[in-house]
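# take a look and give me a structure for this.
(chains A and B)
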Amino acid sequence: MAETHGKPVPVPTRETLPFWEGCRRGELMIQRCGECRHFQFFPRLYCSRCMSERVEWVRASGGAEVSSFTIVRRPVSAAFAADTPYVVALVRLDEGPTMMTNIVGCSPESVRIGMAVEAVFERLTDEISLPQFRPRSG
Amino acid sequence: MPDLSATQLYVKAAKLALADAGLGKHDVDGLITCVSWAEPYLYHAEMIAEYMRIFPRYCITAPAGGGTTLTMLHHAASAIATGMCETILITMADSQVSGLSRDKAIEAMATAGHPQFERPYGPPIPAFYALIAQAHQHAYGTTDEQRAAVAVACRKHASMNPAAQMRKPIAIADVLNSRPISDPLHLLDCSLVSDGGASIVMTAAERARDFPKRPVYLLGAGEGHSHEHLSQALSLTTSAAKESGERAYAMADLGPQDIDVAELYDCFTPVVIIELEDLGFCPKGEGGRFVENGRIELGGALPVNTHGGLLSHCHPGHPGSMFAITEAVRQLRGACGVRQVADARVALVHGQGGFMSSHGTAIFGNEMV
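Next comes the predicted model:
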């Protein structure tokens, strides 16, 4: 894992590279099964529902809903001290899968379970942009 | 315990357990240990065997996490039942304060979470459990005060246990006024960082008959494994403790109504509330109300964590729930003094590791049923 200002920066693997390439383009990519149409995230060699290897990468809408969140008051490491307090959340994508993320672009106190959010991408390095979520506009 | 290294804690606890069983080290032909953070070895159980100069025919270093102790107990029983060995020593310890330092231990724990899909968002360990607590609160109206009642009960029991790390009684207001860590969790909703170790000896019931102290019988054991990463969990509010509990009850042919004392994994207060529900002590969503009014304290309907738990007795990491097992044994022997549960005959111990990922339940009795 590379580090930027001490924060962990994801190192793509062969399996996850299409996801991170998508993030660099500002697109949230997840997998869909070519047989049973099941959406999945994290990426896998085959469909976690029917085991078909015909999984394909598709662009998710970027829309999601907050399933749970916490306002972190004691940062995980010094690298996150300047961001504290920050929101760590689990969001359920419109397509179904759940992701961990940060909720940005609003006051931490305003985050609620069930809140509609949309993906934004924070550029960490030339290669890696991190998907985060902000309150859905409009 | 700065006077003992992590390895010394393993072998010291082993010696105490063997003495308790009236056995010598050469009676041991099976050995289970857990990995140590402070003094890691590639083949840890082999290293402990070498240190003790014993030569087991069954030798396993358990993986990591709080559920390991209970799942290993299940494996040990199976190894004995299938004839792989006769007498197993399970010894687990670590030295997180003296061997690592509190800051290094917390730093090591910061490596939890998926390296690509979770860690970049900066979740400390309490944040994972805060996500669980928040979801439970949203779904069922669980309150800060109810979570605090778990910490208060554990501390009350620890105040009656000379071996406990934190013994000064606390009130609900103390928990609510302690430093916010990761909403809705406060400092006193979180378990300790400790040095410590414990061991148990397991053998077939008939072999234990002539031991100097009364044995305790494993009546049922079960496991449930649902995910590794919290973001992959099917549910934040119902855990695989449900399956592990059902499997243990079925093996023991007992149910929650038969349990006199429960030692439940309490790395954070909301975990106990969810375990009480998933293990069938109350309906789903009512765990918060269940812990109110001293119901889980000594003298209540179901005393929980009578030694003080991870919240107040000690939490040395992977070995944490070994103390829940040794406490259950002591309760069933009637050897707990001022914190004895009157007429305790059946005890349930539950451990979980990861983020409600890996669960093990054991039911013990002071008689073979």
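
# quick one: find the helix or strand in chain A with the lowest mean pLDDT.
strand A:2-4 (a mean of 53; mean pLDDT, DSSP states H and E).

# for the residue nearest in space to the middle of chain B, which non-adjacent residue is closest in space?
Nearest to the mean C-alpha position of chain B, by C-alpha atoms, centre = their mean, lies B:Ser321 at 2.1 Å. Closest residue to B:Ser321 apart from its sequence neighbours, by C-beta to C-beta, 6 or more residues apart in numbering or on different chains: B:Gly351 at 3.8 Å. Placement of C-beta: from N, CA and C, glycine included.

# the one you found is in contact with B:Met72, isn't it?
No. The criterion here is C-beta atoms under 8 Å, and B:Gly351 misses it with B:Met72 at 9.6 Å.

# those two: which has the busier surroundings?
Comparing B:Gly351 with B:Met72 by other C-beta atoms under 10 Å in any protein chain shown, the one with more neighbours is B:Gly351, at 32 against 24.

# how near is B:Val216 to B:Arg345?
10 Å (C-beta to C-beta, to the nearest Å).

# measure B:Leu254 to B:Gly220 for me?
Between B:Leu254 and B:Gly220 the computed distance is 7 Å (C-beta to C-beta).

# joint contacts of these two?
By C-beta atoms under 8 Å, 6 or more residues apart in numbering or on different chains, B:Leu254 and B:Gly220 have these common neighbours: B:Ile363.

# quick one, what contacts residue 41?
I'll assume chain A. By C-beta under 8 Å, 6+ apart, the residues touching A:Phe41 are A:Ile30, A:Gln31, A:Leu93, A:Pro97, A:Thr98, A:Met99, B:Phe117.

# hmm, I had chain B in mind actually
Listed by C-beta under 8 Å, 6+ apart, the contact partners of B:Tyr41 are B:Met47.

# helix/strand/coil for it?
Here B:Tyr41 is recorded as coil under DSSP: H, G, I helix; E, B strand; the rest coil.

# show me what contacts the nearest residue to B:Leu234 once chain neighbours are set aside?
Distances taken as C-beta to C-beta, 6+ apart place B:Ser226 nearest to B:Leu234, at 6.5 Å, with adjacent residues excluded. Applying C-beta under 8 Å, 6+ apart to B:Ser226 gives the contacts B:Ala233, B:Leu234, B:Ser239, B:Ala240, B:Met356, B:Ser357, B:His359.

# again with A:His38
A:Arg32, A:Cys47, A:Ser48, A:Arg49, A:Cys50.

# after the helix or strand B:Leu16 falls within, next one along is what?
Here B:Leu16, judged by DSSP states H and E, is contained in helix B:6-21. Using DSSP H and E, the helix or strand that follows helix B:6-21 in sequence is strand B:30-34.

# list every C-alpha atom in the helix or strand just after that following strand, with coordinates, as PDB.
Next in sequence after strand B:30-34, counting helices and strands by DSSP H and E, comes helix B:44-52. Taking C-alpha atoms only, helix B:44-52 is exported to PDB below (Å, rounded to 0.1, in the frame of the first residue of the first chain):
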ATOM      1  CA  HIS B  44       3.700 -20.200  17.200                       C
ATOM      2  CA  ALA B  45       2.300 -23.400  18.700                       C
ATOM      3  CA  GLU B  46       5.400 -25.300  17.800                       C
ATOM      4  CA  MET B  47       7.500 -22.600  19.500                       C
ATOM      5  CA  ILE B  48       5.400 -22.900  22.700                       C
ATOM      6  CA  ALA B  49       5.800 -26.700  22.600                       C
ATOM      7  CA  GLU B  50       9.500 -26.300  22.100                       C
ATOM      8  CA  TYR B  51       9.700 -23.800  25.000                       C
ATOM      9  CA  MET B  52       7.800 -26.200  27.200                       C
END
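
# packing partners of helix B:44-52?
helix B:6-21, strand B:30-34, strand B:58-62 (3 or more C-beta pairs under 8 Å, 6 or more residues apart in numbering or on different chains; DSSP states H and E).

# now, of these, which is deepest in the fold?
strand B:30-34 (a mean of 27; mean count of other C-beta atoms under 10 Å in any protein chain shown).

# all helices of the stretch 251-369 of chain B, in order?
With DSSP state H, counting those that start in this stretch as the criterion, the stretch 251-369 of chain B has helices at B:269-278, B:287-290, B:309-312, B:322-333.

# so where do the strands sit in the chain?
Using chain A here. For chain A, strands defined by DSSP state E occupy the ranges A:2-4, A:7-9, A:29-33, A:39-40, A:55-59, A:63-72, A:86-93, A:98-102, A:116-123, A:129-135.

# nope, chain B
For chain B, the strands defined by DSSP E occupy B:30-34, B:58-62, B:87-95, B:180-182, B:185-186, B:195-203, B:217-225, B:261-264, B:346-353, B:358-365.

# neighbour count winner among B:Leu254 and B:Gly220?
More neighbours surround B:Gly220 than the other of B:Leu254 and B:Gly220, with 23 against 18 (other C-beta under 10 Å).

# quick check: the residue nearest to that one when sequence neighbours are not counted vs chain A, distance?
Of all residues not flanking B:Gly220 in the chain, B:Ala252 sits nearest, at 3.0 Å (C-beta to C-beta, 6+ apart). Distance of B:Ala252 to chain A, computed by C-beta to the nearest C-beta, to the nearest Å: 34 Å.

# so where's chain B shaky on pLDDT?
Within chain B, the stretches with pLDDT under 70 are B:64, B:369.

# B:Arg147: which of the contacts of A:Phe41 is nearest?
In terms of C-beta to C-beta, no member of the contacts of A:Phe41 lies closer to B:Arg147 than A:Thr98, at 23.8 Å.

# so B:Thr269 sits against B:Ala148, correct?
Yes. B:Thr269 is in contact with B:Ala148 according to C-beta under 8 Å; the separation is 7.0 Å.

# and those two? Which one has more around it.
The residue with more neighbours, out of B:Thr269 and B:Ala148, is B:Thr269; 30 against 24, by other C-beta under 10 Å.

# contacts only, for that one.
B:Ala133, B:Arg147, B:Ala148, B:Val150, B:Ala151, B:Val175, B:Leu185, B:Asp189, B:Leu311.

# how about 10 Å then?
Counting by C-beta atoms under 10 Å, 6 or more residues apart in numbering or on different chains, B:Thr269 makes contact with B:129, B:133, B:144, B:146-154, B:175, B:184-186, B:188-191, B:291, B:309, B:311.

# got it, and B:Asp20?
Neighbouring residues of B:Asp20 by C-beta under 10 Å, 6+ apart: B:Ser199, B:Ile200, B:Val201, B:Phe211, B:Pro212, B:Lys213, B:Thr326, B:Val329.

# do the same with A:Leu45
Each residue near A:Leu45 by C-beta under 10 Å, 6+ apart is listed here: A:Glu15, A:Met51, A:Glu53, A:Val55.

# now swap in B:Ala248 and tell me
Residues near B:Ala248 by C-beta under 10 Å, 6+ apart: B:70, B:74, B:218-224, B:254, B:279, B:348-350, B:359-363.

# how much space separates it from B:Leu234?
Distance from B:Ala248 to B:Leu234, by C-beta to C-beta: 21 Å.

# give me the number of residues near B:Gly334?
The number of residues packed near B:Gly334 is 15, by other C-beta under 10 Å.

# swap in A:Ala78?
For A:Ala78, the neighbour count with other C-beta under 10 Å is 11.

# same check on B:Asp210?
What B:Asp210 shows, counting by other C-beta under 10 Å, is a neighbour count of 8.

# that one is in contact with B:Leu23, isn't it?
No. In terms of C-beta atoms under 10 Å, B:Asp210 does not count as a neighbour of B:Leu23; the distance is 11.1 Å.
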